[in-house]
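**Q** Give the three-dimensional model of this entry:
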Amino acid sequence: MDFVSITDESNNKYSYKRYNDYAFIKEVVGNVGDHLQDISQLQCKTDDVLIGVFPKSGTHWLYNTVMMLRTGSLDYHGTPILMEYQDINIIDNMISPRTFGSHLRFRFLPQEMRHGKGKVITIIRDPKDIVVSLYHMLHCIGDVGYSGTFDGLLKRFFSEECFWGNGSWFAWMKDVEEWKSSNLLCVSYKDFKENPYETIMKLATFLEVDHDEKFLRAVEKNVQFGVLKESHNNETPASDRWKEITEDGRLPIYRKGQIGDWKNTFTVFQKEWYDKICKEKTTEFGLALDVNFGEPENIPEKS
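**A** Next comes the predicted model:
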C-alpha cells in the first residue's frame, strides 16, 4: 500500500491510499490490503443486508428506509456501519438480522455475498449531482483527502484516481453491471424521490417483509428528506470515529437532496467537458447504462 500526496498546478491538494492500482480514501482502516482481505472473507448470514452505494448517492436515505422496513420501527436509525471504515469485528459482533453498508466497489465486497448469500441494495444517482454534493460536504469537514476548487475536484472525481469510489463513477457502475448474483436490487434516486411509495414497496418485496399500507405510508412520510435531515441534526450522537474531522462528531450528511442541483455549480464549459468524459467512459467500460436521472427541479443553468 502506498500513501499518495499530490499538489497540482492549481494548488489543489489530494491525499489518499493506493493499493493494487486502486485509489482509496485515507479513512479506510489501516493497511488497505489487509482490511480488504478481512472484508472479502466476512462470514455472511442469509439474513444480512448490505447497503452498497457510491458516496453521496443517498446512502442514509436508503439505509433508514431499509431499517424501518426491517425493524417495523419508524424511529430514525442514524448512520450505517460502513465496512471500510470500521474494524471487521464490529460487523462480526452485530446482532442479526444485520444491516450494514459500504462505498467500496462491488469487486471488494464479501465473497459469500458475491455468491448469493444475503442481500445487496444500491441506489443510482446522477454523478453530476454526486460530485456537487461531495464538494459541499468536503468544505464542511476536516482533511479527508481533498482541499481545493470545484474544478479540481471535478477532474479528479471522474478520473480513475477518484479515491471516493476506488475509480470513477463509471468504473463503479461497471462493477454493479457485472454483479452475477440475483441477490442485488438497484433503485433509482429519481424514482425514489418522485415515487417514494412505489420504491418503498419494491424494497419491502425484495426484503421479504410484510407490512400493511398504513405502515408503508408512514415510512414514506418519515423518510422525506427534510424529516431525515432534522432527525440527523437533532438525534445523531457524537461519534469518536469522526471527531477529528467534524466540529461535533457528526458528519454533515444532508444538504439539499435535489435532482439537478449540479446546474447551480457547473459552468457551461464544465458541462461540455463532462459530456465528453461521459461518452468516453461509457465506451471504455462498455456500460449499458439505462438510467433516467430526471430533469432539474426548476434550477437555472449557470453561465
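
**Q** What about the residue nearest to E27 when sequence neighbours are not counted, how many residues nearby?
**A** Sequence neighbours aside, Y85 is the residue nearest to E27 in space, at 5.6 Å (criterion: Cβ to Cβ, 6 or more residues apart in numbering). Placement of C-beta: from N, CA and C, glycine included. For Y85, the neighbour count with other Cβ atoms under 10 Å is 17.

**Q** Can you give me the distance of Y85 to G72?
**A** Applying Cβ to Cβ, to the nearest Å, the value for Y85 to G72 is 28 Å.

**Q** Just the pLDDT for the residue nearest to E27.
**A** At Y85, the model reports a pLDDT of 92.

**Q** go on, the one 5 residues further on?
**A** On the pLDDT scale, I90 is placed at 95.

**Q** Is it correct that it falls within a helix?
**A** Yes. Under DSSP: H, G, I helix; E, B strand; the rest coil, I90 falls within a helix.

**Q** how much space between it and M83?
**A** If you go by Cβ to Cβ, the gap between I90 and M83 works out to 9 Å.

**Q** more crowded one of the two?
**A** When neighbours are counted by other Cβ under 10 Å, M83 comes out ahead of the other of I90 and M83, with 27 against 12.

**Q** which residues touch the more buried one?
**A** Listed by Cβ atoms under 8 Å, 6 or more residues apart in numbering, the contact set of M83 reads I39, L42, I91, F100, G101, S102, L104.

**Q** Kindly spell out which helices and strands sit in contact with the lowest-mean-pLDDT helix or strand in the chain.
**A** Within the chain, no helix or strand scores below helix 225-235, which has a mean of 77 by mean pLDDT, DSSP states H and E. Helix 225-235 is packed against helix 59-71, with contacts defined by 3 or more Cβ pairs under 8 Å, 6 or more residues apart in numbering; DSSP states H and E.

**Q** List the buried residues for stretch 211-226?
**A** For stretch 211-226, the neighbour count (16 or more other Cβ atoms under 10 Å) marks H211, F215, L216, V219, E220, N222, V223 as buried.

**Q** Could you do stretch 274-283 as well?
**A** Y274, I277, C278, K281.

**Q** Report the mean per-residue pLDDT for the helix or strand hosting the first one.
**A** Translated: Y274. Using DSSP states H and E, Y274 sits in helix 268-284. In this model, helix 268-284 has a mean pLDDT of 95.

**Q** Would you mind giving both backbone torsions of Y16?
**A** The phi and psi values for Y16, taken as degrees, to the nearest 10, are phi -160, psi 170.

**Q** Would you map the strands across the stretch 1-150 of the chain?
**A** 2-7, 13-19, 22-24, 49-52, 99-102, 119-124, 146-147 (DSSP state E, counting those that start in this stretch).

**Q** Name every strand pairing with the last one and say which way it goes.
**A** Looking at strand 146-147 with DSSP bridges, its paired strands and their directions are strand 13-19 (antiparallel).

**Q** chain center to the least confident helix or strand of the chain, what's the gap?
**A** Distance of helix 225-235 from its chain centroid, counting by Cα atoms, centre = their mean, to the nearest Å, is 18 Å.

**Q** just the angle between that helix and helix 59-71, please?
**A** Counting by axes from the mean of the first three to the mean of the last three Cα atoms, to 10 degrees, helix 225-235 lies at 90 degrees to helix 59-71.

**Q** correct me, but I6 touches G145?
**A** No. Here I6 does not reach G145: they are 10.3 Å apart, not a contact under Cβ atoms under 8 Å.

**Q** between those two, which one's more packed in?
**A** A count of neighbours by other Cβ under 10 Å puts G145 above the other of I6 and G145, at 20 against 11.

**Q** List the contacts of the residue lying closest to Y197 once chain neighbours are set aside.
**A** Excluding the flanking residues, the one nearest Y197 by Cβ to Cβ, 6+ apart is E220, at 5.0 Å. Remark: with contacts taken as Cβ under 8 Å, 6+ apart, E220 is in contact with P196, Y197, I200.

**Q** sorry, back to before: the helix holding Y274 packs against which elements?
**A** Applying 3+ Cβ pairs under 8 Å, 6+ apart, we find helix 268-284 packed against helix 150-157, helix 169-177.

**Q** let's go with 6 Å and repeat that
**A** Helices and strands touching helix 268-284, by 3 or more Cβ pairs under 6 Å, 6 or more residues apart in numbering; DSSP states H and E: there are none.
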